[in-house]
Each structure stands twice: as structure tokens, then as C-alpha cells.
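> test case, fold it:
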Amino acid sequence: MAALDSHEQEQLEALKAWWYENRGQILVMLLIAFAAIGGWRGWQYYHKTQANDAAVLYQQLINQTESSDGKRVNDAASVLMEAYPSTAYAPRAALLAAQTNEKNKDAARAKAQLQWAIDHTEDDALKSVARLRLASMLLDEKNHDGALKLLEAPHPPSFDGLFADLRGDILSAQGKTEEAKSAYKLAYEKIDNKSTFRNLIQIKLDALGAAK
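Numbers count the residues shown, from 1 in each chain. Below is the predicted model of the structure:
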């Protein structure tokens, strides 16, 4: 190897001095970087494992719902909601359990589970389904203001017809006939014209003396 000239020697000595002065900080930064990469991979693995475990429990919950055994369904749903709240299965578990509790006339628990699903899911469609079901329960309890407030929340366009129809039911129950007609007309327009659900909306309009 060729000998270094005086200028190159000075640069090498300066580089060595800089390294010895800063190597501690550089090594710490490298360790943090590697830890971050390892942590991210570990986080991904953790979430994958969580999802897999939650999927198994969710299938068990589905099996339990077929029996309509409220205690077993709620126990299974609680495990998912408490241990795996960040997975997509937890809010779905809450919806399934709420359905069983509605059938078993446990309205308080069903409403709590529907609200939990609304608060914990990032799936707009799932959130909308939970809102519709909870609003329907509030309508049955004559909590009209609470039901209408739920329906004011943003939702995917595909749910426009369902939201409008339930709003019509609430307004009709309040005796607000003209507002109910407007809601039903909107629902009729938004529902797919091939859907038999339109026939039900038309019956509601007819009952209020409105043309479609």
C-alpha cells in the first residue's frame, strides 16, 4: 500500500480523533436503530399472533351463539373484548353477543356491547351496523332523542337508505308525520330498487298518506 502523504495523514488522524470522541454516541444511536427495527418486527409478530388467537376464540364464540346460551356467549365475547380489543374480532364479538342478549331480553347488556363495538372498531360499516341496532333499541325504549343522535353520525353512503328509514320510524313515533315522510322518501330513493325492503318502505309511506 502506498505511503500516505502529510495531508492524508492529517486527515486520517483527524478522523480517528473524531471517531474516538463520538463513537459512544454513534454506537448508542445504532443500538437504538436496531432495537427499533427489532421492536417493529416484534410488534408485527405480536399483532399476527394476537389476530390468530382471536380468530380461534371468535370461531368458538360463533359456535356458542348457536346454542343461545347467554352466559357462555357473554363469557366468550368478554375474553375477546378484554384480551384482544385491538383486533377486528373483538367488536364483531360484541355484536354477536349483543344479538344473543337482545333475544334473551337482556337489553342493558346488549346496549353496552353495541356501544363498545362503536367505540372500538375502525370499520365504518361495522360501526354503522352497531349504531343502527343501538338506535333501534333506543326507539323501542321510546328514547327518541338518543336514537336520533346516533343516526346523526357519519356513515358510508351504502347505509344512507337504512339510516333514513330508521330515522323515519323515530320521527313517525314522535308524531312528526311530514318529517317522517321525507325520511322515508329518502330511504326509498337510496335503497336498491331490486331490494324487497323498498316494499316495506312504501307501506310505511302509504300508512302516512304519502305517494312515493
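> contacts for stretch 74-81?
54, 57-58, 60-61, 64, 87, 89-90, 93-94, 96-97, 100-101, 109, 113, 116, 120 (CB atoms under 8 Å, 6 or more residues apart in numbering). All C-beta atoms are positioned from the backbone trio N, CA, C, and that covers glycine.
> got any ranges where the chain has weak pLDDT?
Applying pLDDT under 70 to the chain picks out residues 1-50, 210-212.
> what ranges does it have for its helices?
Secondary structure of the chain (DSSP state H): helices at 6-65, 70-83, 89-103, 107-120, 124-140, 144-151, 160-173, 177-190, 197-207.
> using JSON lines, lay out those together with mean neighbour count.
Below are these laid out as JSON lines (neighbours: other CB atoms under 10 Å):
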{"stretch": "helix 6-65", "mean neighbour count": "12"}
{"stretch": "helix 70-83", "mean neighbour count": "18"}
{"stretch": "helix 89-103", "mean neighbour count": "23"}
{"stretch": "helix 107-120", "mean neighbour count": "19"}
{"stretch": "helix 124-140", "mean neighbour count": "20"}
{"stretch": "helix 144-151", "mean neighbour count": "18"}
{"stretch": "helix 160-173", "mean neighbour count": "20"}
{"stretch": "helix 177-190", "mean neighbour count": "19"}
{"stretch": "helix 197-207", "mean neighbour count": "15"}
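> next, the residue most central in space within the chain: phi, psi?
Geometric centre of the chain, nearest residue: T121, 1.6 Å, by CA atoms, centre = their mean. When quoted as degrees, to the nearest 10, the phi and psi of T121 stand at phi -90, psi 150.
> spit out the contact partners of it.
T121 touches A88, P91, K127, A130, counting by CB under 8 Å, 6+ apart.
> which of those residues sits closest to G146?
Lowest distance from G146 to these (CB to CB) belongs to A130, with 14.3 Å.
> nearest residue to that closest one other than its sequence neighbours?
Once flanking residues are discounted, A130 sits nearest to A117: 4.2 Å by CB to CB, 6 or more residues apart in numbering.
> surely that neighbour and P91 touch.
Yes. A117 lies in contact with P91 (CB atoms under 8 Å); the separation is 4.1 Å.
> quick check: S172 touching A180?
Yes. Using CB under 8 Å, S172 is in contact with A180, at 4.0 Å.
> any residues in contact with both of those two?
With contacts defined as CB under 8 Å, 6+ apart, the residues shared by S172 and A180 are L208.
> I'd like the distance between the residue nearest to A130 and L80.
11 Å (CB to CB, to the nearest Å).
> now Y58
Distance, Y58 to L80, using CB to CB: 6 Å.
> which neighbours do the two have in common?
Y89, A93.
> tell me how this protein divides into domains.
Following the assignment in automatic domain parsing, the chain carries domains at 47-122, 124-212.
> what about K194, how many neighbours?
For K194, the neighbour count with other CB atoms under 10 Å is 7.
> for it, what are phi and psi?
phi -90, psi -10.
> again, but for S195
Dihedral angles of S195 (phi, psi; degrees, to the nearest 10) stand at phi -80, psi 140.
> can you give me the neighbour number for it?
S195: 11 neighbours (other CB under 10 Å).
> A93: what's it in contact with?
L57, Y58, L61, A76, A77, L80, M81.
> gap between it and I170?
28 Å.
> for P154, same thing?
Distance from P154 to I170, counting by CB to CB: 18 Å.
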